[in-house]
Structures are given as C-alpha cells and as structure tokens.
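Peer 1: the sequence isn't on hand, but the structure is:
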C-alpha cells in the first residue's frame, strides 16, 4: 500500500464518524458564560520552564513537574493554588520555589511561620506577609497580587497549647492558622505599608506551604497498613525502596491527624512530597546542578589554567560525609568548602605555576590530602 494512502475502514460509510462544524451556542444554552478567545494568553512551553528549574533543582523531577502544573493552572487558568510541600530538611523545597519564581518572573516572599502570632498579640501579624510581598514586587500591586506567598515551617503551628494567652487562646499555633484562612480563601486583606493602609486582593495569589512534618510518615504508614485476621502485612522492602507515587502522597486526613485544623486543611488544593536525599542524588547535585559549589571551584581553577583531578569515588565520599549530618543537601556546601579549604590556601600562596590540582582519597576527613603540580 502506498504510504500516502490512509488505512481503509471496514465501517459502512453511513456510520463513519464525521467532523461537524463548531456551532457557537448562546450563554443560556451553555448554562455558563464562556471566555472570549481573544482573552486567551500565550504561554511558554511548560517543559522549557521545568528544564530551566532542573538546572538548579536536581533529583526532584516529580516535584518540579507537579509544582509547574499548579503554577501554570493558576497563572493561565485562574485556578486557585494553595499547595503544601512536605519534605525533610535540605530536600530542595525552598530552592524549587525560588527557581520557579525567578524563571517565571513572579514576585514572591518566603516567610517563616514561627515568627507570626494571631493578630493583636506580641509578634508579627500574618498580614505582614502580604506587606513583604508587596515590597518585594517593587510596590506593584498587580504583580504582588499575582505573586507567590511561600510559608515555611507551617507545621510548627500545630502543637497543641503552644503560646496560649491568658484567655486560653492558642495565639501562636492554631491562632495563626485561623488568621491565614482569609488569605487561603482568596479574600481581600487590608495591609499597612509605610503607615498607609491598602486593600490587597488575594484571589489570584499563589500560596505554597512547606514543612518537614516530622512524624507524619508514621500516620501514613498506619493508614496504609493492610491487616488480615490477627496478622499485619508488612512490606519488608519499604525501608530501601522509593515510595510509589500513590503511596508517597499524604492525604488531607493525614494533615488533620498531624494537628492542622480541618478549616485550614480544607483550603489546601494539592499536597506534594519531596524525594529524600540519598547518595545518588547528592552525587548528581554535585555533577549536574549549575550552582554546584564543586563546579564553581572547578570552573574557577580552570579559568586560572589549573586542571582539577579527582579519584574514583570522590563524589560518593562527599555525599556520604554530607549524609552524616542528616540535613540533606544543605550540608553539601559546607562539606565541599572544607575539602577545598587547604587546597585553595596553598594555591593562593604558591610561587611556581600550577597546572594540576589533585584531590586524593580521604580528603573529606583530612583536607590536606591533595597534590599540586
């Protein structure tokens, strides 16, 4: 058969599906008011934005994809975005959000929830978060109102009885969660900037809540546990394998059981989970991330005519030394700086030309294990 000929159908002509011209229906027939096609906004390919973010954020591909979709839905479809990112220290929660804000040109502010109390009490009022966002936008209301509010350490507000006032109200815990409800719901909020009061529209604001939620994994395990008569089925490989996408996502019920109020959880639209840091991910960060401290040293030395040589297993040794601190990728920079400290001091003090800087095995424990040639 000629490749240009289509595959012939055995269906009778009378029942073949036909493409019908689009007939524009009235608002009464549709039951809603349709958008005019002239209102549609062009947008960059989502994969292009993701690729730019993944130059900085390594090992969190699923998180990057899900956050990108939420931001695009909010930015181009006006779909409410109140997302919760759960992940341990140093897994890239803040780094991911900063990368997206910069790539998409969005105004943002990162707020630590522990600094805030219920309005009217000692401490910062949650409305201050919006004031900070407004300032970060260059005092551009349109940009601020379409920006991103990132609230870290939100799980610290779930401890029962913390910060209770004389009248028994939990002003630094549940009181803060209650104060955030209007923002999460998209209500207009009055903010003060330079002793002036403005009304901030939050209906298009994107909100990202973040916390490690230490201990919530036990709540999930209990929920997922499968029991038979008198016996419990345990997945022996669970400690070593990466959780499936289905099992890695926490539910709103998990958050409520963790200590968030039902009213607060009810405003959350999506829950994301970061991958835990392991040796392979930390090795990839060193090799692939454009802001990798190792690559900065390597590039800096090369610009001075010095080739950097490592030994087999160097990156794994850096990763394992970093994991000992149990703070994820956050400790990677400190470990790498330690490795290069003595080496760089010698290079700056060397009188003869240097062509090769050799890192030798064990340098993460003794940073004098190097050679200059």
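Peer 2: Yep, it's here. All values derive from a computational prediction rather than experimental measurement.

Peer 1: helix, strand, or coil at residue 192?
Peer 2: Classification of residue 192 by DSSP: H, G, I helix; E, B strand; the rest coil places it in strand.

Peer 1: so what's it closest to, chain neighbours aside?
Peer 2: Using Cβ to Cβ, 6 or more residues apart in numbering and skipping the chain neighbours, the partner closest in space to residue 192 is residue 131 (6.4 Å). C-beta coordinates here come from the backbone N, C-alpha and C atoms, glycine included.

Peer 1: contact partners for that neighbour?
Peer 2: With contacts defined as Cβ atoms under 8 Å, 6 or more residues apart in numbering, residue 131 is in contact with 191, 192, 193.

Peer 1: if we use 10 Å, what do you get?
Peer 2: 109, 124, 125, 144, 189, 191, 192, 193, 194, 198, 200 (Cβ atoms under 10 Å, 6 or more residues apart in numbering).

Peer 1: same thing with residue 272?
Peer 2: Contact partners of residue 272, counting by Cβ under 10 Å, 6+ apart, are 60, 62-67, 70, 83-87, 93, 96, 208, 210, 248-250.

Peer 1: how does it look with 7 Å?
Peer 2: 63, 66, 67, 83, 84, 85 (Cβ atoms under 7 Å, 6 or more residues apart in numbering).

Peer 1: next one: the host helix or strand of it to chain centre, how far?
Peer 2: Taking DSSP states H and E as the definition, residue 272 sits inside strand 270-273. Here strand 270-273 shows a centroid-to-chain-centroid distance of 9 Å under the convention Cα atoms, centre = their mean, to the nearest Å.

Peer 1: go through it and flag the buried ones.
Peer 2: Neighbour counts over strand 270-273 (16 or more other Cβ atoms under 10 Å) mark 270, 271, 272, 273 as buried.

Peer 1: so what's the third one bridging to?
Peer 2: The residues paired with residue 272 through beta bridges, assigned by DSSP bridges, are residue 85.

Peer 1: and residue 108, by the same measure?
Peer 2: Residues in a beta bridge with residue 108, per DSSP bridges, are residue 148.

Peer 1: could I get the contacting residues of it?
Peer 2: 101, 136, 147, 148, 150.

Peer 1: can you name the two of those that sit furthest apart?
Peer 2: 136 and 150 (11.0 Å; Cβ to Cβ).

Peer 1: tell me where the model's unsure across the stretch 1-150 of the chain.
Peer 2: 1-31, 33-41, 118-124 (pLDDT under 70).
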